[in-house]
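J.: Structure of the sequence below:
(one chain, ligands or ions: 2)
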Amino acid sequence: MLVGIVGKPNVGKSTFFSAATLKNVPIADYPFTTINPNLGMGYVRTRCVCKEMGVIDTPRNSVCNDGIRLIPVKLVDVAGLVSGAASGRGRGNQFLDELRQADALIHVVDASGGTDEEGRKVETGSNDPVADVRMVENELDLWIFGIISRDWERSARLAEQTGSSMVAQLAQRLSGLGIGEGTIEDTLLRLKLKADKPVGWNEGDLMNLVRALRETNKPSLIAANKADLPGAQERVESLRKTEKTVVPCAAEAELLLRRASEHGLIRYTPGDRSFEVVKDDLTPPQTRALQLVKEKVLDAYGATGVQQAIDQAYFGLLKAIVAYPVEDETRLSDKNGNVLPDAYVMNGGSTALDLARKIHSDLAQGFLYAIDARTGMRLSGGYTLKNGDILKIVSSRSAKHG
Ligand SMILES: Nc1nc2c(ncn2[C@@H]2O[C@H](COP(=O)(O)OP(=O)(O)O)[C@@H](O)[C@H]2O)c(=O)[nH]1
Ligand SMILES: [Mg+2]
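T.: Ligands and ions are numbered 1, 2, ... in the order given. Reported below is the predicted structural model:
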């Protein structure tokens, strides 16, 4: 699973990405190093099962801070989108390539209204972020439209003449986006477009199809960033009138808190409502900066919003769940005695076999059954994982860990 950070230039995407991927808590087994500067690991934040199970855990692939589990997830900082990007303007084609791989989008807007449509700095409040949301969505739609509509009339006619469904052809065109036949069939049905009569579809029909496919394939939420600036609160409210999920956000504040925590000035777990100063000789500028974050962000909104946006993208939009594989189902440990060593973020609907596959292909190939550590019950490979499941995978082949 991969979440993309999108938006027009200068809204704070890179600041969001830097804050989200800054490691202010060390992880023992770090899952991957940066492949390119735009792709990195952030965390999702979830209540760990350690408290419920009454154990003190020793996480390896993730972190547990007093019962809060931070689990690495992938994020991609997509190049800024401007009007015309779909036809190659700006860094058009680059953003499309980065976007292709994303399963969901965090759409960052400038809630202070202080950047124009091209990302130039303007007077605070003079730009409407709702218009920016539409601009970016429109670019995404035009891009998908471009993929679908190429040589459309001829293909549609040919399909009707040969009596072949448009579903397969659309799926082929959209395979790069990972949109399969099932999604296309459902969407056509919902829009009452006949798959075997594509000649009758007009441009409006095609645009509706595109929009619906985008919403399914790239579900998104709005991170209303720069919420610390004057007037942002009003624009957060107006965004809430038109957008489904709006998370007020202050990426710069989150970056500051994570850095301060990394340097031992404060105690702060990403997503916390507050921080605690632990170093007693802060410089006056440090004290002032932290005080501002507290007043303008934490007290005003309850959090910086960066962690909340990521959690909402994974658990809300993508309906992800967390599973804890163990090798000893009574001690809840691995072979080396690490308790609840790993936590995996998985697609909603994943099975016990999917979990085995995620750990090691050998484990999946020799899959016999899984054991639910809570109940001791045996589960088959087709068992659908529930959030917080702790499972031992029993396999005829052993996986080599580490
Ligand atoms: N006040 C304020 N400024 C921010 C915030 N996040 C980013 N910025 C500033 O917005 C400008 C653009 O940020 P950047 O991350 O480079 O934007 P990008 O072009 O979307 O990647 C920079 O000057 C940041 O310091 C925020 O939460 N609050
Ligand atoms: Mg940037």
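J.: Can you name the element that comes right after the lowest-mean-pLDDT helix or strand in the chain?
T.: Lowest on mean pLDDT, DSSP states H and E among the helices and strands of the chain sits helix 92-100, with a mean of 72. Tracing the chain past helix 92-100, the next element assigned as helix or strand by DSSP states H and E is strand 104-110.
J.: residue contacts, the residue of the stretch 251-400 of the chain found nearest ligand 2?
T.: Scanning the stretch 251-400 of the chain for the residue nearest ligand 2 gives residue 251, at 10.9 Å (criterion: CB to the ion). Every C-beta, even on glycine, is put in place using the N, C-alpha and C of the backbone. The neighbours of residue 251, taking CB atoms under 8 Å, 6 or more residues apart in numbering as the test, are 12, 15, 16, 19, 108, 223, 225, 226, 304, 306.
J.: 10 Å instead, please
T.: 5, 11-20, 108, 223, 225-228, 304-306, 309 (CB atoms under 10 Å, 6 or more residues apart in numbering).
J.: Among those residues, which lie within helices?
T.: 13, 14, 15, 16, 17, 18, 19, 20, 306, 309 (DSSP state H).
J.: If any of these are buried, put those into a PyMOL selection.
T.: This is how PyMOL selects the buried members of the ones in helices among the contacts of residue 251, with burial counted by 16 or more other CB atoms under 10 Å:
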select buried, resi 13+14+15+16+17+18+19+20+306+309
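J.: Intersect the ones in helices among the contacts of residue 251 with the contacts of ligand 1.
T.: Restricting the ones in helices among the contacts of residue 251 to those near ligand 1 by CB under 6 Å from any ligand atom leaves 13, 14, 15.
J.: domains in the chain, as residue ranges please.
T.: For the chain, the structural domains run 2-128+219-315, 140-213, 320-395, going by automatic domain parsing.
J.: Before we move on, what's the pLDDT of the closest residue to ligand 1 within the stretch 51-200 of the chain?
T.: Using CB to the nearest ligand atom, the closest approach of the stretch 51-200 of the chain to ligand 1 is made by residue 80 at 5.2 Å. With respect to pLDDT, residue 80 scores 81.
J.: name the element residue 169 belongs to?
T.: Residue 169 belongs to helix 166-173, assigned by DSSP H and E.
J.: actually residue 299, sorry about that
T.: helix 299-301.
J.: what packs against that helix?
T.: Packed against helix 299-301 by the contact rule (3 or more CB pairs under 10 Å, 6 or more residues apart in numbering; DSSP states H and E) you find helix 232-242, strand 246-248.
J.: circling back: within reach of ligand 2, which of the ones in helices among the contacts of residue 251 are there?
T.: 13, 14 (CB under 5 Å from the ion).
J.: out of the ones in helices among the contacts of residue 251, who's nearest residue 278?
T.: residue 19 (20.1 Å; CB to CB).
J.: The closest one: what's it in contact with?
T.: 12, 42, 249-259, 270, 304, 306-307.
J.: if we go to 7 Å?
T.: By CB atoms under 7 Å, 6 or more residues apart in numbering, the contact list for residue 19 reads 251, 254, 255, 258, 306.
J.: ok, now residue 293?
T.: Shown in contact with residue 293 (CB under 7 Å, 6+ apart): 253, 256, 257.
J.: can you rerun that using 8 Å?
T.: By CB under 8 Å, 6+ apart, the neighbours of residue 293 are 228, 250, 253, 256, 257, 304.
J.: In a markdown table, list the ones next to ligand 1 among the ones in helices among the contacts of residue 251 along with pLDDT and distance to residue 65.
T.: Listed next are those as a markdown table, based on pLDDT from 0 to 100; distance: CB to CB, whole Å:
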| residue | pLDDT | distance to residue 65 |
| --- | --- | --- |
| 13 | 94 | 27 |
| 14 | 93 | 26 |
| 15 | 95 | 23 |
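J.: Kindly export stretch 196-209 (C-alpha atoms) in CSV.
T.: Taking C-alpha atoms only, stretch 196-209 is exported to CSV below (Å, rounded to 0.1, in the frame of the first residue of the first chain):
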residue,chain,number,x,y,z
ASP,A,196,-21.9,-3.3,-25.2
LYS,A,197,-23.1,0.0,-26.5
PRO,A,198,-20.2,2.4,-26.2
VAL,A,199,-21.0,4.3,-29.4
GLY,A,200,-23.9,5.9,-27.6
TRP,A,201,-21.7,7.3,-24.7
ASN,A,202,-21.1,11.0,-25.0
GLU,A,203,-18.2,13.0,-23.6
GLY,A,204,-20.2,13.8,-20.4
ASP,A,205,-20.7,10.1,-19.9
LEU,A,206,-17.0,9.5,-20.3
MET,A,207,-16.1,12.3,-17.8
ASN,A,208,-18.6,10.8,-15.3
LEU,A,209,-17.0,7.4,-15.7
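J.: what's downstream of the helix holding residue 169, the next helix or strand?
T.: Following helix 166-173 toward the C-terminus (DSSP H and E): helix 181-190.
J.: Distance from the chain centre to that next one, please.
T.: Chain-centre distance of helix 181-190: 24 Å, with CA atoms, centre = their mean, to the nearest Å.
J.: For it, which residues meet the burial criterion?
T.: Taking 16+ other CB under 10 Å as the criterion, helix 181-190 shows 183, 184, 185, 187, 188 as buried.
J.: same check, this time on stretch 217-232
T.: Those would be 217-229, 232, for stretch 217-232 by 16+ other CB under 10 Å.
J.: for stretch 156-163, same thing?
T.: So for stretch 156-163, counting by 16+ other CB under 10 Å, buried means 156, 159.
J.: what sits up against stretch 312-325?
T.: Contacts for stretch 312-325 (CB under 8 Å, 6+ apart): 1, 3, 44, 46, 49, 69, 71, 73, 103-106, 219-221, 245, 247, 332, 340, 342-350, 355, 359, 385-393.
J.: And it, end to end?
T.: The straight-line separation of the ends of stretch 312-325 (CA to CA, to the nearest Å) is 24 Å.
J.: Put the alpha carbons of stretch 255-263 into PDB.
T.: The C-alpha trace of stretch 255-263 is given here as PDB (Å, rounded to 0.1, in the frame of the first residue of the first chain):
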ATOM      1  CA  LEU A 255       8.400  19.000  11.600                       C
ATOM      2  CA  LEU A 256       9.400  21.300  14.500                       C
ATOM      3  CA  LEU A 257       8.000  18.900  17.100                       C
ATOM      4  CA  ARG A 258       9.600  15.800  15.600                       C
ATOM      5  CA  ARG A 259      13.000  17.600  15.300                       C
ATOM      6  CA  ALA A 260      12.700  18.800  18.900                       C
ATOM      7  CA  SER A 261      11.900  15.300  20.000                       C
ATOM      8  CA  GLU A 262      14.700  13.800  17.900                       C
ATOM      9  CA  HIS A 263      17.100  16.100  19.700                       C
END
